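1. A structural model of the following input is requested.
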Amino acid sequence: MTILRIAFVLPALLLAAHSATMADPVADFYRGRTITMIVSSAAGGGMDIHARMVAPVLADRLPGKPNIIVQNRPGAGGIVATNYLYNAAHKDGSVIAVIHPTIPFAPLFGEPKTSFEATKFNWIGRIDKSSHLCVAWHTAPVQKIADVMTKELIVGSTGPGSSMASFPYMMNRFFGAKFRVVTGYKGGNDIYLAMERGEVHGRCVLTLNALRSIHPDWLRDRKINILLQLAREPSDAPELKGVPTLYDFAKDDHQRAVMELMFANQELERPVVAPPGVPADRVAALREALREALADPKLQAEVAQRKMTLNYASGEAVARVVERAYAAPKSVVATAVESMRPTE
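-> All right, here's what the predicted structure looks like:
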């Protein structure tokens, strides 16, 4: 090889060797690291089951293939976990969360225990979307939604910021319903046990997918009566045939606008979120990894075996839902806030 040729080839070889040794900065950060996925509910509920199925697949799709551990932080209907994520969690992409879908809107609705700005979170995406329901135990005094206008229905809730409380309160104010809300349960499973023990008569809100997965016997053996779909449009699920929607009861356009604002949380079922301040390249990697994870055939088969579903939405789409809610007319927000206050 001539000296002139070596003079041209050697720099190119050195550059190639240098490029090969340069690590992907995102992969370099995640390689060998343990990521914490916080779940804002107690262990064993539908949200927790979804998170634990998704976590290992998400880890495999992230550059660097980190380990992901799931950590439950229940409390105040999801506010405890969300406050922690915003204020105390590391803001480097090593902590993410799956939170209650109502929590992003809690500050908008005046929940005093919140200490976060929902529009500043880094939204990674949505795991699922499902029909939200009000149900009553088969021995409850209320057997259909019309009964709750004349008979008291005691329902369980995790906390004042949860839709398990806000929807019953709204129906009490708008329609004269007679829901009584008992708060303080750590998670959905605790409310299910309370229903079986007779401590409460039922629950608003829960998803059809959670019932199919956790208590298929309740549906099969008619241990519950499904009173209402908390939605604008009825689901085509066979279990919900003939079950009215909350939207059917709206008396005017203003009430319908309030309901649509409150239904926004259904677009965020099982939202995955990172705190503000996470570097943009790591947010992008988390978003892409979640998209790929939810498209994984093995995960889809496992979810289907549990009679649950996956319904992906991008982090950008989730962010738009949150931003749109915070841009709602003040009069609609004010009515929503008033309607969700305790009525007992």
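2. Please make it C-alpha for all contacts and neighbour counts, starting now.
-> Will do.
3. doesn't residue 284 fall inside a helix?
-> Yes. Applying DSSP: H, G, I helix; E, B strand; the rest coil, one finds residue 284 inside a helix.
4. Now do it: how many residues are near it, please.
-> 15 (other Cα atoms under 10 Å).
5. And for residue 255?
-> 17.
6. got a list of what the residue nearest the centre of the chain touches?
-> Residue closest to the mean C-alpha point of the chain, counted by Cα atoms, centre = their mean, is residue 270 at 2.7 Å. Applying Cα atoms under 8 Å, 6 or more residues apart in numbering, we find residue 270 in contact with 47, 98-101, 126-129.
7. just the residues you listed: which has the poorest pLDDT?
-> Lowest pLDDT within the contacts of residue 270 is found at residue 129 (85).
8. Is it in contact with residue 267, as I believe?
-> Yes. With contact defined as Cα atoms under 8 Å, residue 129 counts as touching residue 267 (6.5 Å).
9. quick one on the thing from earlier: in helices, which of the contacts of residue 270 appear?
-> Secondary structure from DSSP state H places residue 47 of the contacts of residue 270 in helices.
10. of the contacts of residue 270, closest to residue 137?
-> Taking Cα to Cα as the measure, residue 137 lies nearest residue 47 of these, at 22.0 Å.
11. Just give the closest residue to that closest one, not the sequence neighbours.
-> In this structure, residue 47 finds its nearest non-sequential neighbour in residue 270, 6.5 Å apart by Cα to Cα, 6 or more residues apart in numbering.
12. where's that neighbour relative to residue 305, distance?
-> Separation of residue 270 from residue 305 (Cα to Cα, to the nearest Å): 19 Å.
13. quick one: secondary structure of residue 191?
-> helix.
14. Near it, how many other residues are there?
-> Neighbour number of residue 191 under other Cα under 10 Å is 24.
15. Hmm, it is touching residue 154, no?
-> No. In this structure, residue 191 is not within contact of residue 154 by Cα under 8 Å, at 11.3 Å.
16. hey, what's in contact with both of the two?
-> Common neighbours of residue 191 and residue 154 (Cα under 8 Å, 6+ apart) are residue 200.
17. Not counting its own residues, what contacts the strand or helix carrying residue 209?
-> In this assignment (DSSP states H and E), residue 209 forms part of helix 208-214. For helix 208-214, contacts defined as Cα under 8 Å, 6+ apart pick out 45-46, 130-133, 218-219, 306-309.
18. Tell me which residues of the following helix or strand past that helix come out buried.
-> The helix or strand immediately downstream of helix 208-214 is helix 216-220, counting by DSSP H and E. For helix 216-220, burial by neighbour count (16 or more other Cα atoms under 10 Å) applies to residue 216.
19. What's the mean pLDDT across helix 216-220?
-> Averaging pLDDT along helix 216-220 yields 95.
20. How far does that helix sit from its chain's centre?
-> 24 Å (Cα atoms, centre = their mean, to the nearest Å).
21. Repeat that for stretch 138-156.
-> The mean C-alpha position of stretch 138-156 is separated from the chain mean by 27 Å, Cα atoms, centre = their mean.
22. Quick check: end-to-end length of that stretch?
-> End-to-end for stretch 138-156, by Cα to Cα: 16 Å.
23. same deal with stretch 230-250?
-> Its start and end residues considered, stretch 230-250 measures 12 Å (Cα to Cα).
24. From the rest of the structure, what touches that stretch?
-> 131-134, 175, 205, 219, 226-229, 256, 259-260, 263.
25. Name the nearest residue to residue 172, sequence neighbours excluded.
-> residue 178 (6.0 Å).
26. Report the contact partners of that neighbour.
-> 148-153, 172 are the contacts of residue 178 under Cα under 8 Å, 6+ apart.
27. and which of these is nearest residue 24?
-> Nearest member of the contacts of residue 178 to residue 24, counting by Cα to Cα, is residue 172, at 55.4 Å.
28. Could you measure from the closest one over to residue 320?
-> Residue 172 is 30 Å from residue 320, by Cα to Cα.
29. before we move on, what about residue 279?
-> 20 Å.
30. buried ones in stretch 139-153?
-> 140, 142-145, 148-149, 152-153.
31. can you count the residues close to residue 296?
-> 15.
32. er, residue 188 actually
-> 25.
33. Please apply the same query to residue 292.
-> Neighbours of residue 292 (other Cα under 10 Å): 16.
34. hang on, it packs against residue 61?
-> Yes. The criterion here is Cα under 8 Å, and residue 292 meets it with residue 61 at 6.8 Å.
35. hang on, isn't residue 134 packed against residue 204?
-> Yes. In this structure, residue 134 is within contact of residue 204 by Cα under 8 Å, at 4.3 Å.
36. out of the two, which sits in the busier spot?
-> Legend: neighbour count by other Cα under 10 Å for residue 134 and residue 204, higher for residue 204 (26 against 22).
37. quick one: what helix or strand has that one in it?
-> strand 202-207.
38. What is that strand packed up against?
-> strand 132-137, strand 153-156, helix 163-175 (3 or more Cα pairs under 8 Å, 6 or more residues apart in numbering; DSSP states H and E).
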